[in-house]
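A.B. asks: Pasting the sequence and the predicted model now:
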Amino acid sequence: MRRVFRALTASLAIPAGIAVAVPTGSAFAANTAPTIVTCANNAAGASAILVSGCTSKAVTGGSGKVTANSTGTTFKVVWKTGKTTTGTSTPTVVTPSKCPSAMPTEVRLAGTVKGGTAKALIGGKATNTICANLTTGKAKLLAGTKYKV
């Protein structure tokens, strides 16, 4: 019986040359806070906000393209590195608006990073204030604010 037990336990052992990885964010990993990215500059695109001057260059490459669904409740960032960040947000129209007449609607977006290939950002908070033209769909960050995710 002992020989059978030893043979069984030996066959279940992990060979010394194989590394076992515990994924970050799993129940087995240490609690690490998500990476916070801020982008200092932005430009309005036809269907996206282009951000640059971003921190965490290993993740962002320094810039990215932010898109959202038509209601602003989901967002996606494609970073220069090719990594992605996705999440959900709750839009709130701010009155009175501090936005220029070309993009008159001020919207505060508060949300959470839920997924994407930029794993270090998952679980982080996204807080941004944008100016939008609801007719053309163009949007840009409110002057004086930074993109935060």
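C.D. replies: Yes, it's here. Numbers count the residues shown, from 1 in each chain.
A.B. asks: contacts and neighbour counts: CA atoms only from here.
C.D. replies: Noted.
A.B. asks: show me the contacts for the closest residue to Leu141 other than its chain neighbours.
C.D. replies: The shortest distance from Leu141 to any non-neighbouring residue, by CA to CA, 6 or more residues apart in numbering, is to Ile130 (4.1 Å). Contacts for Ile130 (CA atoms under 8 Å, 6 or more residues apart in numbering) come out as Glu106, Val107, Arg108, Leu109, Ala139, Lys140, Leu141, Leu142.
A.B. asks: Ile130 sits in which helix or strand?
C.D. replies: In this assignment (DSSP states H and E), Ile130 forms part of strand 125-132.
A.B. asks: Give the next helix or strand downstream of that strand.
C.D. replies: Counting by DSSP H and E, the next helix or strand C-terminal to strand 125-132 is strand 139-141.
A.B. asks: and the residue most central in space within the chain, bridged to which residues?
C.D. replies: Nearest to the mean C-alpha position of the chain, by CA atoms, centre = their mean, lies Thr85 at 3.7 Å. Here Thr85 sits in beta bridges with Val77, going by DSSP bridges.
A.B. asks: Could you do Cys54 as well?
C.D. replies: Beta-bridge partners, per DSSP bridges, of Cys54: Cys39.
A.B. asks: OK, contacts around the spatially closest residue to Lys125 that is not a sequence neighbour?
C.D. replies: Nearest residue to Lys125 in three dimensions, chain neighbours excluded: Thr112, at 4.5 Å (CA to CA, 6+ apart). By CA under 8 Å, 6+ apart, the contact set of Thr112 is Gly87, Thr88, Ser89, Ile122, Gly123, Gly124, Lys125, Ala126.
A.B. asks: Show the buried residues in those.
C.D. replies: Neighbour counting by 16 or more other CA atoms under 10 Å classes Gly87, Thr88, Ser89, Ile122, Gly123, Gly124, Lys125, Ala126 among the contacts of Thr112 as buried.
A.B. asks: And the second one, which helix or strand is it part of?
C.D. replies: In this case it means Thr88. Using DSSP H and E, Thr88 falls in strand 84-94.
A.B. asks: Can you check what angle separates that strand from strand 125-132?
C.D. replies: On the basis of axes from the mean of the first three to the mean of the last three CA atoms, to 10 degrees, strand 84-94 is oriented at 60 degrees to strand 125-132.
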